[in-house]
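Colleague: Sequence and computational prediction follow.
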Amino acid sequence: MSKAYILINLGAPKEASAAQARVFLREFLSDRHVLNISAALRMPLAMFISRRRAAAYAKNIAKISPGGEHPLIKYTKSLARKISAMSGVPTYPAFRYGEQSIKEAVSTARLCGADEFRFVPMYPQCALSTTISAKREASKTLRPSEKFLFLHSYHDNPDYISALFDSAKPALENCGCAIASFHSIPLKDAAQTAYESQCLTTLSLLRKLAGETKLHLAWQSKMGRGKWLEPSVVDTARNLARNSRKKLAVLCPGFSCDCTETILEIGEDLRRIFLDEGGEIFQTVPCLNDSDIHAAMFCKLFESLK
């Protein structure tokens with residue numbers, strides 16, 4: 001059989017315009033794994049939210065995309081090229097929403113002769129709105145004669161943990177206190193997967209390497225009024241500053257590539273909150289992005305699929 005590697009990430013609007021942001025948000029929010037409610041409510045709500053948030057979302061994308069390409073798209077494409085060069089196996093970037101879809105990636109690989117498809121979503125921990133949604137979409141593309149291999153998580157993979165810690169080590173040593181911020185999800189969704197426990201496992205493994213550095217758990221990016229995983233990263237950082245913690249590092253172990261959630265929500269908004277509350281030094285740890293060590297890790301993950 002001829003192999004193809006499919007590297008899956010979330011995706012981003014085609015360009016930083018309100019019109020394209022609205023299209024992207026509508027597709028994203030129409031996914032039943034993202035808005036886990038009945039279709040009769042989900043579709044009109046997706047339309048409403050996408051119209052309401054499009055302009056602000058486009059503005060944020062423009063802020064983090066100085067070269068015109070969203071960093072998540074740029075890093076995923078770069079990683080796919082590196083993985084292909086390192087492994088010798090054709091590797092295709094694919095995005096759950098927006099352009100260069102999973103279906104398009106599979107079709108391209110199939111035209112090049114592939115009949116064994118190995119999928120690795122760039123989500124270390126498995127959640128309904130990320131990994132499960134990606135798997136459902138990937139499953140639609142496969143034919144009976146083809147081989148389908150899919151990685152559900154790599155939350156405790158030694159190479160992932162080691163790469164995370166090595167990237168965070170200088171900031172941890174400088175600050176002596178850090179927050180590991182994971183993307184929050186609704187409690188009703190958390191009950192359907194191992195996402196929360198996988199995040200806790202990742203944190204536990206990082207704590208073993210961090211030694212005496214205090215590493216706090218927090219959750220970010222809550223949407224709406226429902227009950228989500230807590231405590232929030234905002235409350236955690238604010239409380240640390242109010243309790244005389246002057247230095248703080250923040251890493252985001254659930255994000256493989258930097259995006260609005262890491263660059264703006266953490267790097268700008270949380271930084272301002274911590275400093276306004278009396279903190280003096282705030283360091284963000286960049287995601288692993290398209291680093292060589294990240295690409296090498298994904299090569300091993302693809303090859304481990306049997």
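Modeller: Alright, I've got the coordinates.
Colleague: I'd say residue 93 and residue 7 touch.
Modeller: Yes - with contact defined as CB atoms under 8 Å, residue 93 counts as touching residue 7 (5.4 Å). Every residue, glycine included, has its C-beta placed from N, CA and C.
Colleague: Overlap of the contact sets of the two?
Modeller: Common neighbours of residue 93 and residue 7, counting by CB atoms under 8 Å, 6 or more residues apart in numbering, are 76, 79-80.
Colleague: Take these and write them to CSV, including neighbour count, distance to residue 303 and pLDDT.
Modeller: Below are the shared contacts of residue 93 and residue 7 laid out as CSV (neighbours: other CB atoms under 10 Å; distance: CB to CB, whole Å; pLDDT from 0 to 100):
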residue, neighbour count, distance to residue 303, pLDDT
76, 25, 19, 98
79, 26, 15, 98
80, 23, 15, 98
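Colleague: Among these, name the ones in helices.
Modeller: Among the shared contacts of residue 93 and residue 7, the members found in helices (DSSP state H) are 76, 79-80.
Colleague: Among those residues, which one lies nearest to residue 269?
Modeller: Comparing these against residue 269 with CB to CB picks out residue 76 as the nearest, at 24.3 Å.
Colleague: ok, now which ones touch that closest one?
Modeller: 7, 9, 93, 95, 122, 257.
Colleague: backbone phi and psi for residue 107, please?
Modeller: When read as degrees, to the nearest 10, the backbone of residue 107 gives phi -60, psi -40.
Colleague: For it, which non-adjacent residue is closest in space?
Modeller: residue 141 (7.6 Å; CB to CB, 6 or more residues apart in numbering).
Colleague: Contact partners for that neighbour?
Modeller: 102-103, 106-107, 117.
Colleague: What's the separation between it and residue 268?
Modeller: Separation of residue 141 from residue 268 (CB to CB, to the nearest Å): 38 Å.
Colleague: List the contacts of the one helix or strand residue 216 maps to.
Modeller: Assigned by DSSP states H and E, residue 216 falls within strand 214-220. Residues outside strand 214-220 that contact it (CB under 8 Å, 6+ apart): 172, 176-184, 199-200, 203, 206-207, 228-237, 240, 252, 261, 265-266.
Colleague: could you redo the last one with a cut-off of 6 Å?
Modeller: With CB atoms under 6 Å, 6 or more residues apart in numbering as the test, strand 214-220 has contacts from 177-182, 184, 203, 207, 229, 231, 233, 236.
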